[in-house]
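Q: sequence first, then the predicted structure, then my questions.
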Amino acid sequence: MSIHVEVRDTEKQVLDPSEALAFVDAPGNGAGALFVGAVRDFNQGRSVKGVSYDVFAPLAEQSFAEICAEAQTKWGENLRLFVVHGKGRLGIGGLSIVIAAGSPHRGEAFSACRYVIEEIKSRSPVWKQEHYVDGDSEWVKGHALCGHD
Amino acid sequence: MKIKIQMFGAFRVLGQEVELDLPEAAIVSDLRVALQPKVSGMELDELLALSKFANVRVVLADTASLDATEVLAILPPVSGG
């Protein structure tokens, strides 16, 4: 298998970038690109103390797999891809998503990694609720999905 | 038929899932209509209009038929990553 996709409960097991890079490593791959998403402490003028991630896991994993397959079509079947998205509550600095792409050359790895994160942000059924220092919480406004006929 | 819909994102305020009683010939767009009274006055009206419905494999078109044996979910606009 050249693709690994997963939704993981971060309260049981944290996300690990080294796991992602190890998966995409291969004798024929001279490049590995990594994207790591983390919870930051400030957004839209408000101080944030944490984020809860809600995920419709079966469909999310299916969408990750579809996106990765699209990336292989675009940048070659030698591409190895790893995607794990967190589910549950994270504090500041907690890792919410780790994506790695491995390929023979750097151009494909960078492009594929960027493609996968951008597509996930607009297509995958994941929602985040920010928790603020003042005690309030709010669901982040997102991208409306398209349905299939 | 009785349809259970899993709630996600801002719709979690309604619980883990909502059960609706719909005619046998109901389609996906009927879910939105049936949910309307449950979200009225909760600042979710606009979000409901922007939301889609899905099974575990695909986001459903509004014209798709419903299968009461399937796991269904409401998908408000997404914000992952």
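A: Perfect, thanks for sending it. Note that the structure is a prediction, hence the values are computed from the model and not measured.
Q: name the residue of chain B that lies nearest to chain A.
A: The minimum distance from chain B to chain A, using CB to the nearest CB, falls at residue B:80 (2.7 Å). For every residue, glycine as well, the C-beta is placed using N, CA and C.
Q: how close does that residue sit to residue A:92?
A: 18 Å (CB to CB, to the nearest Å).
Q: equivalent analysis for residue B:54, please.
A: Counting by CB to CB, the gap from residue B:54 to residue A:92 is 32 Å.
Q: between those two, who's got more neighbours?
A: Between residue B:54 and residue A:92, counted using other CB atoms under 10 Å in any protein chain shown, residue B:54 has the larger neighbour count: 27 against 14.
Q: what's near enough to touch that one?
A: Shown in contact with residue B:54 (CB atoms under 8 Å, 6 or more residues apart in numbering or on different chains): A:56, A:59, A:125, B:60, B:72, B:73, B:75.
Q: give me the phi and psi angles of it.
A: Main-chain dihedrals, residue B:54, degrees, to the nearest 10: phi -150, psi 160.
Q: got it, and the one 5 residues further on?
A: Summarising the backbone geometry of residue B:59 under the convention degrees, to the nearest 10, its torsions are phi -80, psi 130.
Q: distance of residue A:120 relative to chain B?
A: 6 Å (CB to the nearest CB, to the nearest Å).
Q: what's the helix or strand for that residue?
A: Here residue A:120, judged by DSSP states H and E, is contained in helix A:106-123.
Q: wait, residue A:132 sits on residue A:43?
A: No - applying CB atoms under 8 Å, one finds residue A:132 not in contact with residue A:43, separated by 9.1 Å.
Q: how about the helix holding residue A:120: buried residues?
A: Using 16 or more other CB atoms under 10 Å in any protein chain shown as the test for burial, helix A:106-123 gives A:108-113, A:115-117, A:119-123.
Q: packing partners for that helix?
A: The criterion is 3 or more CB pairs under 8 Å, 6 or more residues apart in numbering or on different chains; DSSP states H and E, and the helices and strands that helix A:106-123 contacts are strand A:31-38, helix A:57-75, strand A:80-91, strand A:95-103.
Q: grab the nearest non-local neighbour of the residue most central in space within chain A.
A: Centroid check for chain A by CA atoms, centre = their mean gives residue A:97 as the closest residue, at 3.8 Å. Once flanking residues are discounted, residue A:97 sits nearest to residue A:37: 4.0 Å by CB to CB, 6 or more residues apart in numbering or on different chains.
Q: list the contacts for that neighbour?
A: A:95, A:96, A:97, A:98, A:117, B:81.
Q: quick one: the first one and residue A:34, what's the gap?
A: Taken as CB to CB, the spacing of residue A:95 relative to residue A:34 amounts to 11 Å.
Q: likewise residue A:147?
A: Distance, residue A:147 to residue A:34, using CB to CB: 33 Å.
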